[in-house]
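Chemist: Sequence and predicted structure, then a few things I'm wondering about:
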Amino acid sequence: MIPISRTALDAQLSARLALLTSRLASAGGDTVAARSAWQSARPERGRLRNQLNEMAPGNRRCMYCGDSLGTDIDHFQPIAKNAARTFDWLNHLLACSHCNSNEKRDQFPSDSEGNPLLIDPTRDDPDQHLFLLLSSGEYRALSPMGTASIKVYGLNRTDLVTGRSTAFHARKLTICGAQSLLRRGRPDDAAVGLRALVQEPYASVLHGMLRLLDSPDVVDILGEDVVAALTDPDILSMLRPLIERGDSLATGNSAPPASSPSTVPAD
Ligand SMILES: [Zn+2]
């Protein structure tokens, strides 16, 4: 998971969602009525999906797993738990059908004070709660919210772990290749390679690599050639506009969060 910036809805759609919320409340607002109203709101769902597509990492990837195409508008707080938030824009995320229907479903764990224990990547910083071990592709939890999110979203399921590990090795080759193209006077080709890189699934892998630049273990994990490429000002200046989504960590210049381990956990 990576941080995602939520964009504002236009006034017309926002007003429409407020009206639908009001109508739902007037009708009693139970789960069955809410699901029916949601299914009936086809035009609104289409516009919401378009906006979520624009916010999603890579090429419309699921905001939870980062792998599969985001096909569903997920209610972060499920309709079954709070029907009043059915049309709440702040409760909508883009998910793949597997994460939505086979992993998360209607689960919504909370702590003893009633606060959600799941990471909403548009509100919470996933890096405060999760650490990605790049070579193995596994997530380690840094907090109870991280533990619950790994479990409920199925973030360490086998296909995702394998996919992230494979992506890590491919990213290293692409980044070194882009630097090589730059040195040979082919900046346009380097830019094409980096653009393709940012569109690929598993945005968390590149995000994790950039975050590692602040770690004392960076050379051990990425290798000298990859570190040299990733800290090349020309590569960074090409990558930055491609991955900036309000994510300051994408620059590779930010300090790790206070709750992160001072050194990288053992892989
Ligand atoms: Zn997914």
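Modeler: Good, I have the coordinates.

Chemist: Please count neighbours and contacts with C-alpha atoms only from this point.
Modeler: Fine.

Chemist: and Ser204, what helix or strand is that in?
Modeler: Using DSSP states H and E, the element containing Ser204 is helix 203-212.

Chemist: so for the following helix or strand past that helix, what's the average pLDDT?
Modeler: Following helix 203-212 in sequence order, the next helix or strand is helix 218-222 (DSSP H and E). Across helix 218-222, the average pLDDT comes to 96.

Chemist: again, but for stretch 136-147
Modeler: Averaged over stretch 136-147, pLDDT sits at 98.

Chemist: How many residues are close by the residue of the stretch 101-250 of the chain found nearest the ion?
Modeler: Nearest to the ion, among the residues of the stretch 101-250 of the chain, is Tyr153, at 7.8 Å (CA to the ion). Using other CA atoms under 10 Å, Tyr153 has 21 other residues around it.

Chemist: mind checking how far the helix holding Ser204 is from the chain centre?
Modeler: Offset of helix 203-212 from its chain centre (CA atoms, centre = their mean, to the nearest Å): 12 Å.

Chemist: change the start of the numbering to 49 and stick with it
Modeler: In the new count, where the first residue is 49, that last one comes out as helix 251-260.

Chemist: That helix vs the ion: in contact?
Modeler: No - between helix 251-260 and the ion, judged by CA under 5 Å from the ion, nothing touches; the nearest distance is 12.5 Å.

Chemist: Only alpha carbons, please: show that helix as PDB.
Modeler: Taking Å, rounded to 0.1, in the frame of the first residue of the first chain, the C-alpha atoms of helix 251-260 are listed here in PDB:
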ATOM      1  CA  ALA A 251       3.600   0.700  -6.700                       C
ATOM      2  CA  SER A 252       4.600  -0.200  -3.100                       C
ATOM      3  CA  VAL A 253       7.900  -1.700  -4.400                       C
ATOM      4  CA  LEU A 254       9.200   1.500  -6.000                       C
ATOM      5  CA  HIS A 255       7.800   3.500  -3.100                       C
ATOM      6  CA  GLY A 256       9.700   1.200  -0.700                       C
ATOM      7  CA  MET A 257      12.900   1.500  -2.700                       C
ATOM      8  CA  LEU A 258      12.800   5.300  -2.600                       C
ATOM      9  CA  ARG A 259      12.100   5.300   1.200                       C
ATOM     10  CA  LEU A 260      15.100   3.000   1.700                       C
END
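
Chemist: Before we go further, Leu141 is sitting in a strand, right?
Modeler: Yes - counting by DSSP: H, G, I helix; E, B strand; the rest coil, Leu141 is found in a strand.

Chemist: Now it. Nearest residue, chain neighbours left out?
Modeler: The shortest distance from Leu141 to any non-neighbouring residue, by CA to CA, 6 or more residues apart in numbering, is to Asp122 (5.1 Å).

Chemist: just to revisit the earlier point, the helix holding Ser252 packs against which elements?
Modeler: strand 178-181, helix 206-231 (3 or more CA pairs under 8 Å, 6 or more residues apart in numbering; DSSP states H and E).

Chemist: Pick the most buried one from those.
Modeler: strand 178-181 (a mean of 22; mean count of other CA atoms under 10 Å).

Chemist: list the helices and strands that one packs on?
Modeler: Using 3+ CA pairs under 8 Å, 6+ apart, the elements in contact with strand 178-181 are strand 186-189, helix 251-260.

Chemist: Compare the ones you listed and say which comes out lowest on pLDDT.
Modeler: The minimum mean pLDDT among these belongs to helix 251-260 (a mean of 94).

Chemist: now it against helix 206-231, angle please.
Modeler: Relative orientation of helix 251-260 and helix 206-231, computed by axes from the mean of the first three to the mean of the last three CA atoms, to 10 degrees: 60 degrees.

Chemist: Ignoring the adjacent residues along the chain, who's closest to Leu142?
Modeler: Distances taken as CA to CA, 6+ apart put Ile121 closest to Leu142, at 5.0 Å, once the chain neighbours are dropped.

Chemist: Many thanks, I have nothing further to ask.
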